[in-house]
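>>> What would the 3D arrangement of this be:
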Amino acid sequence: MSQPFARYLHPFDVAHHPSLEPEVKRAILASWASDRHTVENQPAMRQPPELKGPVSVDNVFAALRSLVGPDSQPTLQ
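Okay, the predicted model is just below:
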């Protein structure tokens with residue numbers, strides 16, 4: 001992944017980025033959804049080191065779902 005993560009402020013910044021391949025978008029968002037980025041005492045929030053502030057895991061999952069199109073495999077069940 002050659003793009004600097006710091007430019008993304010929200011999961012949909014990743015999902016809507018025009019030059020990232022879908023696999024790269026999924027990898028970034030899946031990493032952000034990981035429990036290793038859970039905010040202490042706030043299990044519904046994630047704080048990847050690339051972001052300036054925490055984001056809701058629901059927003060990360062919504063961004064992942066937005067990547068699912070008619071020609072792609074679902075990333076979440």
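>>> helices or strands next to the longest helix seen in the chain in the packing?
Looking across the chain with DSSP state H, the single longest helix is helix 22-33. Applying 3 or more C-beta pairs under 8 Å, 6 or more residues apart in numbering; DSSP states H and E, one finds that helix 22-33 contacts helix 11-15, helix 57-66. Yep, even glycine has a C-beta here, placed from its N, CA and C like the rest.
>>> in this protein, which residue is closest to the centre?
Among the residues of the chain, Leu29 comes closest to the average C-alpha position under C-alpha atoms, centre = their mean, at 2.3 Å.
>>> Leu12 - how many residues pack around it?
One thing to correct before we go on: residue 12 is Phe, not Leu. Using other C-beta atoms under 10 Å, Phe12 has 16 other residues around it.
>>> wait, Val39
Neighbour number of Val39 under other C-beta under 10 Å is 14.
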